[in-house]
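Asks: Provided below are the primary sequence and the corresponding predicted coordinates.
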Amino acid sequence: MTHILLYTDTLSEGYIILITGLLIVFAGLLLLTVFFKYGLPIMLYIYKIITKGRDKKVKEISRKVNTDFTGEIAAAISVAIHLYLDEQHDDENAILTIKQARKLYSPWSSKIYGAYRNRL
């Protein structure tokens, strides 16, 4: 009789754990859905108010021209960047040599074999 009661107790505990786990997972998914649906747009709206940034169109952005920056300077910078990036990738020898490693003597392996032989 006690064996049947213990089995039903563990079975009911399993169902309680299952239902609790499912409730936690689905409650978490529900909270994430609500946050991304309502919380995130509100936070972005508040951030926009705090930064007080007005949306600018491309036509409204003024172009500041630096007359000291010429095409020669741009070419020198691009060549320097190219040389730097090309220097990072050196050509290495593509020959692969594999040497067989010499097995080192281990006293543990000999003791294992000795223990096995003594049993026979």
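Replies: Okay, I see it.
Asks: Any buried residues in the lengthiest helix in the chain, and which?
Replies: Counting by DSSP state H, the longest helix found in the chain is helix 2-34. For helix 2-34, burial by neighbour count (16 or more other C-beta atoms under 10 Å) applies to no residue. Any C-beta I mention is one placed from the backbone N, CA and C, and that applies to glycine too.
Asks: mean confidence for it?
Replies: The pLDDT scores in helix 2-34 average 83.
Asks: likewise stretch 45-52?
Replies: 80.
Asks: Just the CA coordinates for it, please, in PDB.
Replies: The C-alpha coordinates for stretch 45-52 follow below in PDB (Å, rounded to 0.1, in the frame of the first residue of the first chain):
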ATOM      1  CA  TYR A  45      10.300  57.900 -28.100                       C
ATOM      2  CA  ILE A  46      11.600  59.000 -24.700                       C
ATOM      3  CA  TYR A  47      15.200  58.700 -26.000                       C
ATOM      4  CA  LYS A  48      14.300  60.900 -29.000                       C
ATOM      5  CA  ILE A  49      12.800  63.500 -26.600                       C
ATOM      6  CA  ILE A  50      15.900  63.500 -24.400                       C
ATOM      7  CA  THR A  51      18.300  63.900 -27.200                       C
ATOM      8  CA  LYS A  52      16.100  66.500 -28.900                       C
END
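Asks: I appreciate the help and will end here.
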